[in-house]
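1. Structure here, sequence nowhere to be found:
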């Protein structure tokens, strides 16, 4: 399952990032970079899957850090867009945002049954749920860009996506840090 969702996210990163560059859309580029992060996250999850609780907690910590980094990166992209922004192509935003939504809904459906299995899979599911929310935001921004002919809807949705990333990073890290501590190997001195 993780191999399938990893492949979907990597392919969508390439497609959506290209679309974001052509459309000059902060929201699309932010969403595409999140897709790359998710592909990496799924690879980490796959690696940690059979290695025990410490590896699973470590994978969740890595995912929380990746999500946090993407949230901060989106904020920098938004600042750049405010200074230098032009209205993005709403048509391209709709096309690529719609394709990404279908891809992420597929990933979410594939991961649904594993969402409560452990901290590793829970954080993996959280990533996919964020993606669906981001895609819906991109589609809303595309409609508002078309309606207003300004970059502000793209900027606002990019900001909301950044807040979703930051909130999600907080939740994943808040669950992963205690799991990491609890899964620490027992020292031989403690066993005596």
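-> Looks like it came in fine. Computed from a predicted model, the values in this text were never measured in an experiment.
2. drop to CA atoms for contacts and neighbour counts, all remaining ones
-> Fine.
3. Report the mean per-residue pLDDT for whatever helix or strand residue 171 lives in.
-> Applying DSSP states H and E as the criterion places residue 171 in helix 152-182. Averaging pLDDT along helix 152-182 yields 85.
4. For that helix, which helices and strands make contact with it?
-> Using 3 or more CA pairs under 8 Å, 6 or more residues apart in numbering; DSSP states H and E, the elements in contact with helix 152-182 are helix 26-48, helix 53-84, helix 119-148.
5. Give the buried residues for the last one.
-> Going back to what we said before, that points to helix 119-148. 119-146 (16 or more other CA atoms under 10 Å).
6. Likewise for stretch 28-45?
-> The neighbour-count check on stretch 28-45 (16+ other CA under 10 Å) flags 28-45 as buried.
7. ok, residues contacting that stretch?
-> 2-3, 5-7, 9-10, 12-14, 16-17, 19-21, 56, 59-60, 62-63, 66-67, 70, 74, 93, 96-97, 120-121, 124, 127-128, 131, 134-135, 138, 158, 161 (CA atoms under 8 Å, 6 or more residues apart in numbering).
8. go on, stretch 143-163?
-> Residues contacting stretch 143-163 (CA under 8 Å, 6+ apart): 25-27, 30-31, 70-72, 74-75, 78, 81-82, 85-91, 94, 133-134, 137-138, 141-142.
9. mind checking how far residue 51 is from residue 23?
-> To residue 23, residue 51 is 42 Å away according to CA to CA, to the nearest Å.
10. Centroid-nearest residue for the protein?
-> Nearest to the mean C-alpha position of the chain, by CA atoms, centre = their mean, lies residue 34 at 3.9 Å.
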